[in-house]
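> next one to model:
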Amino acid sequence: MIILNRLVFGAASLLLLLLALGLVWLGLGDAWEAIRSPDQSGADAILDVLGYVIVAIAVFDVAKYLFEDEVRRGSERRSAAEARRSLTKFLSTIIIAVFLEALVVVFKTAREDVALLVYPTALLIAAVLVLVGLGAYQRFSATVEEKVGDDDAAEERRDAQQAPAPKPRTPARKKA
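Here you go, the predicted model:
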């Protein structure tokens, strides 16, 4: 089952990597077409490419996360601190991508119709809420880690004291 799990997550991470590269390729293709077309603005083309690249980075980070945590490491036992760091790194990349995408949408919307700025503003607010949620998660999980770490250390000491001492090895006697 572990091999199947690794194969599935490996295939998913490879597919996500290819899709991220495809997003960058599509963005560059759209920019090339926009630059060649006289009726479109170069600034809009650059903002479109920037949006594609930002989403591609987020997708690539998801692929990297899946590969590192599920394929390469498999079902190794992880500490709570290690899981918290991994999740924090992953969510930080997603939050940055959402902030950047929101800024791109703000710039595009401001150029076209200022009345539509409500939607990118809502995206910015959502990113801030995710960031605040990540901060709360960090704080609460660090507190729990301290408590669990103390409990784990006490349990390990108790187990070491209760375990029977290993029997000393007696040297084998040689027959004369």
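> what segments of the protein are strands?
For the chain, applying DSSP state E gives no strands.
> please name the nearest non-neighbouring residue to residue 108.
Leaving aside its sequence neighbours, residue 108 sits nearest to residue 47 (Cβ to Cβ, 6 or more residues apart in numbering; 5.2 Å). The way it works is simple: take the backbone N, C-alpha and C, and place the C-beta from them, glycine included.
> who does the longest helix seen in the chain touch, helix- and strand-wise?
Longest helix of the chain, by residue count under DSSP state H: helix 118-162. Helix 118-162 sits against helix 80-112, with contacts defined as 3 or more Cβ pairs under 8 Å, 6 or more residues apart in numbering; DSSP states H and E.
> so the helix it packs on versus helix 118-162, what angle?
Counting by axes from the mean of the first three to the mean of the last three Cα atoms, to 10 degrees, helix 80-112 points 180 degrees away from the direction of helix 118-162.
> and helix 80-112, what's buried?
By neighbour count on 16 or more other Cβ atoms under 10 Å, the buried set for helix 80-112 is 84, 87, 90-91, 93-106, 108-109.
> tell me how far it lies from the chain's centre.
Relative to the chain's own centre, helix 80-112 is displaced by 10 Å; criterion: Cα atoms, centre = their mean, to the nearest Å.
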